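> The sequence and its predicted three-dimensional model are supplied below.
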Amino acid sequence: MNRDIKLDAFPTSYWHALEDGRVQCDVCPRFCKLREGQRGLCFVRACEGGEIVLTTYGRSSGFCIDPIEKKPLNHFLPGTPVLSFGTAGCNLTCKFCQNWDISKSREFDRLQDQATPEMIAEAAAATGCRSVAFTYNDPVIFMEYAIDVAKACHERDIKTVAVSAGYMCPEPRAEFYRHIDAVNIDLKAFTEEFYQDLCTGHLDAVLDTLIYLVHETDVWVEITTLLIPGKNDSEAEIAELSAWVMEHLGPDVPLHFSAFHPDWKMRDIPATPAESLHRARAVARKAGIHHVYLGNIHDFDGSSTYCSNHNCGQLLIGRDWYELSTWNLTADGKCNRCGAKAPGAFDAQPGTWGAKRQPVHMRVPA
């Protein structure tokens, strides 16, 4: 556990006292047991005054407007802008983290922007964002802040998006996702060995979250797996992962395979070759998954959406990186050739945000 200077603390609910004087955090399956002044592995949930508090409420590592496809979400309001932000810390220890400067941060001076939930919702509305995303680091660890932001957003008819590893306990998970409209779950790999060795976590907890989200909520779900050469990219593992998705989630949950680049503590591993991504896509599609996408490479076919009716197969949404081209959906989200319903949430017309990335600076009232 970690000790650090005391910061403003926000009370939380998911913890309980132990007989030895410690308190146990019950938000994620790590179940950190803390004494006074200690922090959990995530670094942002701490024991103060005999209870677990959140030390990053109202504080962010920065705000930016992104294309929704960057989350990645390809079946949720395509082409629209999303106001994205994160805090600091993480409840997994992935050695390959692509956002390590935020998620692995132990320096609170990275939290540059202060913003109330109402300020964030107002900023999203003022900039024309259809949604707000909790991303860059996992919102599981700042769930209280995220929930309050979601409530403020929903009052203005702004949707909420989570980008998460899905490593969360059932009770807080149910509360959190009552306030979320769409999520991309990062399924790191499909072996327990990978999760233990490279993330210090457990696969079953993530699979349980996926099953819960798809079958017990109305949250739109997409999945991303970062393919790391020699670690989780074998054809056998991709086939097993795809078979599990088909059996437990169904063919309409989009699956994204993204290219790894050397980072954090895995700089000795080469970047994922394009052929590995193409092979994974072929395996997943052969298993029956309708919508399989490729990320972090330029591939029109692997980025575009096609009608899942096997007798049709029309290009529904053409994508060149984050720019939309072709749009063959009706106003109610159906293929304009065969009438098959495309899974997801679609506007009558595509968004036109494109690939722009626009920083947003919050102004704290004087």
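Happy to help now that I have it. Since the model is a prediction, treat every value here as computed from it, not as a measurement. Residues are numbered from 1 along each chain as shown.
> Only C-alpha atoms from now on, for both contacts and neighbour counts.
Fine.
> The residue most central in space within the chain pairs with what?
Centroid-nearest residue in the chain, with CA atoms, centre = their mean: residue 163, separated by 1.3 Å. Going by DSSP bridges, residue 163 is paired in beta bridges with residue 184.
> Show the contacting residues for it.
Going by CA atoms under 8 Å, 6 or more residues apart in numbering, residue 163 touches 71, 133, 134, 135, 136, 138, 139, 183, 184, 185, 186.
> farthest pair in these?
Farthest-apart pair in those is 133 and 186; separation 14.7 Å (CA to CA).
> Considering only helices and strands, which part of the chain has the lowest mean pLDDT?
Across the helices and strands of the chain, the lowest-confidence element by mean pLDDT, DSSP states H and E is strand 2-3, at a mean of 37.
> Just give me the least confident of the contacts of residue 163.
pLDDT is lowest at residue 136 among those; the value there is 90.
> circling back: just the residues contacting the helix or strand that the least confident helix or strand of the chain is followed by, thanks.
Downstream of strand 2-3, the next assigned helix or strand under DSSP states H and E is strand 10-11. Around strand 10-11, the neighbours that count as contacts under CA under 8 Å, 6+ apart are 51, 52, 53, 54, 55, 57.
> Can you tell me how far the fourth one is from residue 143?
It refers to residue 54. Look at residue 54 and residue 143: by CA to CA, to the nearest Å, they are 9 Å apart.
> And for the fifth one?
If you measure residue 55 against residue 143 using CA to CA, the figure is 12 Å.
> cool, the first one as well?
From residue 51 across to residue 143, the span is 16 Å (CA to CA).
> Excluding chain neighbours, what is closest to residue 250?
Closest residue to residue 250 apart from its sequence neighbours, by CA to CA, 6 or more residues apart in numbering: residue 289 at 7.6 Å.
> and the end-to-end length of stretch 163-182?
Rule used - CA to CA; the end-to-end distance of stretch 163-182 is 9 Å.
> buried ones in that stretch?
163-170, 172-174, 176-177, 179-182 (16 or more other CA atoms under 10 Å).
> next one: stretch 331-338
For stretch 331-338, burial by neighbour count (16+ other CA under 10 Å) applies to 333, 334, 335, 336.
> can you redo those residues as a markdown table with distance to residue 283, secondary structure and pLDDT?
As requested, those are exported to a markdown table (distance: CA to CA, whole Å; DSSP: H, G, I helix; E, B strand; the rest coil; pLDDT from 0 to 100):
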| residue | distance to residue 283 | secondary structure | pLDDT |
| --- | --- | --- | --- |
| 333 | 27 | coil | 97 |
| 334 | 26 | strand | 98 |
| 335 | 25 | strand | 98 |
| 336 | 28 | coil | 97 |
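> pLDDT weak spots in the stretch 251-366 of the chain?
Low-confidence segments of the stretch 251-366 of the chain (pLDDT under 70): 264, 363-366.
> Could I get the full set of helices for it?
Counting by DSSP state H, counting those that start in this stretch, the stretch 251-366 of the chain has helices at residues 274-287, 300-303.
> which helices and strands sit right next to the first one?
It stands for helix 274-287. Under the contact criterion of 3 or more CA pairs under 8 Å, 6 or more residues apart in numbering; DSSP states H and E, helix 274-287 touches helix 235-248, strand 255-259, strand 292-295.
> how does this protein divide up, domain by domain?
Taking automatic domain parsing as the domain assignment, the record places the domains of the chain at 2-54, 59-358.
> And the first one, how far out from the chain middle?
Think domain 2-54. For domain 2-54, the separation from the chain centroid amounts to 24 Å (computed by CA atoms, centre = their mean, to the nearest Å).
> who wins for most neighbours among the contacts of strand 10-11?
Within the contacts of strand 10-11, neighbour counts (other CA atoms under 10 Å) peak at residue 52, which reaches 30 neighbours.
> Just say helix, strand or coil for it.
Under DSSP: H, G, I helix; E, B strand; the rest coil, residue 52 falls in the strand class.
> Hmm, residue 12 and it touching each other?
Yes. The criterion here is CA atoms under 8 Å, and residue 52 meets it with residue 12 at 6.1 Å.
> I'd like to know how many residues surround residue 349.
Residues within reach of residue 349, counting by other CA under 10 Å, total 16.
> re the thing from before, quick one: closest of the helices of the stretch 251-366 of the chain to residue 98.
helix 274-287 (17.7 Å).
> got the buried residues for the closest one?
274, 276, 277, 280, 281, 282, 283, 284, 285, 287.
> follow-up on the earlier one: please report how far the residue nearest to residue 250 lies from residue 32.
37 Å.
> Then residue 68?
34 Å.
> do residue 82 as well
Counting by CA to CA, the gap from residue 82 to residue 32 is 33 Å.
> so residue 265 sits right up against residue 95, yeah?
Yes. In this structure, residue 265 is within contact of residue 95 by CA under 8 Å, at 5.0 Å.
> more neighbours, the two?
Legend: neighbour count by other CA under 10 Å for residue 265 and residue 95, higher for residue 95 (16 against 13).
> can you give me the helices in the stretch 101-250 of the chain?
Secondary structure of the stretch 101-250 of the chain (DSSP H, counting those that start in this stretch): helices at 117-126, 143-154, 170-177, 192-194, 203-216, 235-248.
> Now mean pLDDT too, for those, in JSON lines please.
Compiled in JSON lines, the helices of the stretch 101-250 of the chain are given as follows (pLDDT from 0 to 100):
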{"stretch": "helix 117-126", "mean pLDDT": "96"}
{"stretch": "helix 143-154", "mean pLDDT": "98"}
{"stretch": "helix 170-177", "mean pLDDT": "98"}
{"stretch": "helix 192-194", "mean pLDDT": "98"}
{"stretch": "helix 203-216", "mean pLDDT": "98"}
{"stretch": "helix 235-248", "mean pLDDT": "98"}
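> among the ones you listed, which is nearest residue 353?
Among the helices of the stretch 101-250 of the chain, helix 117-126 sits nearest to residue 353 (CA to CA), with 13.8 Å.
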